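1. build me a structure from this.
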Amino acid sequence: MNQYIAAIDQGTTSSRCMIFDHDGAVVSVAQKEHEQIFPRAGWVEHDPVALWINTREVVAGALAKVDLTRADIAAVGITNQRETTVVWERSTGKPIYNAIVWQDTRTDQLCVELGGDEGPDKYRDKTGLPLSTYFAGPKIRWILDNVDGARAKAEAGELCFGTVDTWIVWNLTDGVHVTDVTNASRTMLMDLETLQWDESICADFGIPMSMLPEIRSSSEVYGTGRPRGNLAGVPVAGILGDQQAATFGQACLSEGEAKNTYGTGNFMLLNTGTKPVHSKHGLLTTVCYKLGEAPAVYALEGSVAVTGSLVQWLRDNLGIIQNAKDIEPLAASVDDNGGAYFVPAFSGLFAPRWRPDARGVIVGLTRFVNKGHLARAALEATAYQTREVIDAMRADSGVELSALKVDGGMVVNETLMQFQSDILGVPVIRPVVNETTALGAAYAAGLAIGYWADTEDIRNNWAVGQTWEPAMGESERSRLYAEWNKAVERTYNWSE
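-> Now for the predicted structure:
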């Protein structure tokens, strides 16, 4: 058997390839950022061709760093930014428009129109999702309505849609048009029970079903790498949306286990077993994973739009820091937030509030507040938003959180992790391998070809790296959280 499994992690801000051994240890990694395109306020796009070029470069780079070839790779898994939408010509493979990113809000009025008298919950029973700019379905409709000739081409069967996993697999395999159940569940077009595209919703959205990829499980062989590529002949054997991949990589494989990923946004998933649980407190019901012919496993998810991207905003838009890693020493230069609260509702508020009318605010400013306080308030905003999601999960599931497993780029920030533990009042646990998104995709691919025997192998690979214990008193925790809620209410009714 070949020694290693590769994972392609095509994220919101960068593309990455990671190579893992049987113990789940990182053998090699290569990463490259891509441009964030902002044509106008509320619009966020990526160049799909650049995403594919960067993906090829990082695959080549990860192999070259440790002198490996495709012969050393047993399989490759894909994980991706989930709701981001690409439409391309079936015959040429050329995109007809930029990828519309999950953060984009251009479809806000369209979502109101689609909801009609029934409002944002019109399709929730079938899809587990509220009608929102977040999801792929409205983005497809926007492209068909606004790109010259797109509607006619789609109705003639000449266009393909895909979330980014589908786009990467199409190019990696020379034209296999598939997605997995986790990504399909983020389109608003899939029935959660049947795990198939819903004809009536597609008709309501005006989306020809010929555009849609085939829905497959998260762990099976979909095809092999194209003959002229760096992964020629390698089985493409796993697909998981990024947050589901992180859940899988964290070995949250039993009902009631949860993880929180700190990336561009924050995403918490709670494994709810083989039956979907419909939220009454603003959470999403989604597919967690499906391994081959086994039944699908579902999750409750709380999605926070802006966490790590707030640090980028402080760097790129305000110039308060030079590098993302500078946020921690700046925040640690003060003892507290100085009374300032930062609510980064740049694209409205996601779970559990779902307020597209909200916009970002900084409140509590006095002459005392300096850039250290603003840096601290930015980090604390991530922890407060996580607390909101956990409170909603507790209300939906009745399960009390005893500890929180964390992963993603921001978990190296110890100031943030300590405050997260403090504001939750429970331990926060970071695993040895904190980039569990790529690891989860690798596990899905490896399981499909027998590289790992079963999910028990995955459990055995998981190990604690560091734990933070709460050190804040209950009265202080309650005071800070009450002030945060007061700040959030100041964001409402800003955008018509």
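
2. where do the helices sit along the stretch 101-250 of the chain?
-> With DSSP state H, counting those that start in this stretch as the criterion, the stretch 101-250 of the chain has helices at 108-115, 124-127, 136-146, 150-155, 164-173, 181-184, 199-205, 242-249.

3. so where's the stretch 351-496 of the chain shaky on pLDDT?
-> In the predicted model, the stretch 351-496 of the chain carries no residue with pLDDT under 70.

4. ugh, typo on my part, it should be the chain
-> Under the criterion of pLDDT under 70, the regions of the chain flagged as low confidence span 1-2.

5. what's the longest helix in it?
-> Secondary structure of the chain per DSSP state H: the longest helix is helix 371-397.

6. hey, C-alpha coordinates of whichever strand or helix holds residue 301 in PDB?
-> Assigned by DSSP states H and E, residue 301 falls within strand 297-304. The C-alpha coordinates for strand 297-304 follow below in PDB (Å, rounded to 0.1, in the frame of the first residue of the first chain):
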ATOM      1  CA  VAL A 297     -25.200  11.300   9.900                       C
ATOM      2  CA  TYR A 298     -26.700  14.700  10.600                       C
ATOM      3  CA  ALA A 299     -25.600  17.800  12.600                       C
ATOM      4  CA  LEU A 300     -26.900  21.000  14.000                       C
ATOM      5  CA  GLU A 301     -24.700  23.900  12.900                       C
ATOM      6  CA  GLY A 302     -24.200  27.400  14.100                       C
ATOM      7  CA  SER A 303     -22.500  29.600  11.400                       C
ATOM      8  CA  VAL A 304     -20.900  32.900  12.300                       C
END
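
7. how far out from the middle of the chain is the longest helix of the chain?
-> The chain centroid and the centroid of helix 371-397 are separated by 17 Å under C-alpha atoms, centre = their mean, to the nearest Å.

8. and for stretch 309-328?
-> With C-alpha atoms, centre = their mean as the basis, the distance from the averaged C-alpha position of stretch 309-328 to the chain average is 21 Å.

9. show me the contact partners of it.
-> Under the criterion C-beta atoms under 8 Å, 6 or more residues apart in numbering, residues 12-13, 103, 264-265, 306, 308, 330, 342, 344, 346, 371, 374-375, 378-379, 381-382, 410, 413-416 lie in contact with stretch 309-328. Just so you know, the C-beta spots here come from the backbone N, C-alpha and C atoms, and that holds for glycine as well.

10. tell me the bridge partners for residue 271.
-> residue 299 (DSSP bridges).

11. and the helix or strand that the longest helix of the chain is followed by, what does it pack against?
-> Taking DSSP H and E as the definition, the helix or strand that follows helix 371-397 towards the C-terminus is strand 404-407. Helices and strands in packing contact with strand 404-407 are listed as strand 258-262, helix 414-424, strand 428-431; criterion 3 or more C-beta pairs under 8 Å, 6 or more residues apart in numbering; DSSP states H and E.

12. nearest to residue 19 among these would be which one?
-> Set against residue 19 and scored by C-beta to C-beta, the helices and strands packed on strand 404-407 come closest in strand 428-431, at 18.2 Å.

13. partners of that closest one, with directions?
-> Here the strand partners of strand 428-431, with direction, are listed using DSSP bridges: strand 404-407 (parallel), strand 464-468 (antiparallel).

14. just name the most buried of those.
-> Taking mean count of other C-beta atoms under 10 Å as the contact definition, the stretch among the strands paired with strand 428-431 with the greatest mean neighbour count is strand 404-407, which reaches a mean of 25.

15. from the chain's centroid, how far away is that one?
-> With C-alpha atoms, centre = their mean as the basis, the distance from the averaged C-alpha position of strand 404-407 to the chain average is 15 Å.

16. give me the contacts around that strand.
-> Against strand 404-407 from outside (C-beta under 8 Å, 6+ apart): 246, 249-250, 252, 257-262, 390, 417, 420, 424, 426-431, 434-437.

17. returning to what we had before: dump the helices and strands packed on strand 404-407 into CSV; add distance to residue 37 and mean neighbour count as well.
-> Supplementary listing: those in CSV, determined by distance: least, C-beta to C-beta, whole Å; neighbours: other C-beta atoms under 10 Å:
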stretch, distance to residue 37, mean neighbour count
strand 258-262, 24, 27
helix 414-424, 28, 21
strand 428-431, 33, 22
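
18. may I see these arranged in CSV, with distance to residue 459 as well?
-> Converted to CSV, those look like this (distance: least, C-beta to C-beta, whole Å):
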stretch, distance to residue 459
strand 258-262, 14
helix 414-424, 23
strand 428-431, 12
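
19. which one of the ones you listed lies closest to residue 66?
-> Judged by C-beta to C-beta, the one of these that comes nearest to residue 66 is strand 428-431, at 22.4 Å.

20. beyond that closest one, next helix or strand please.
-> With elements assigned by DSSP H and E, the helix or strand that comes after strand 428-431 is helix 436-449.

21. who are the packing partners of the helix or strand following that following helix?
-> Next in sequence after helix 436-449, counting helices and strands by DSSP H and E, comes helix 455-461. If you count contacts as 3+ C-beta pairs under 8 Å, 6+ apart, helix 455-461 packs onto helix 436-449.

22. so what does the helix it packs on touch, helix or strand wise?
-> Going by 3+ C-beta pairs under 8 Å, 6+ apart, helix 436-449 lies up against strand 4-10, strand 14-20, strand 73-80, strand 219-224, strand 235-241, helix 242-249, strand 258-262, helix 455-461.

23. would you mind finding the most buried of those?
-> helix 242-249 (a mean of 32).

24. okay, angle between it and strand 258-262 too, please.
-> 130 degrees (axes from the mean of the first three to the mean of the last three C-alpha atoms, to 10 degrees).

25. pull helix 242-249 out as CSV, backbone CA atoms only.
-> As requested, C-alpha coordinates have been extracted for helix 242-249 and formatted as CSV (Å, rounded to 0.1, in the frame of the first residue of the first chain):
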residue,chain,number,x,y,z
ASP,A,242,-15.0,22.3,5.2
GLN,A,243,-16.9,22.3,8.5
GLN,A,244,-18.1,18.8,8.2
ALA,A,245,-14.5,17.8,7.3
ALA,A,246,-13.3,19.5,10.5
THR,A,247,-16.0,17.6,12.5
PHE,A,248,-14.8,14.3,11.0
GLY,A,249,-11.2,15.2,11.6
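
26. packing partners of that helix?
-> Helix 242-249 packs on strand 73-80, strand 258-262, strand 266-273, strand 284-289, strand 297-304, helix 436-449, going by 3+ C-beta pairs under 8 Å, 6+ apart.

27. fine, thanks again, bye for now.
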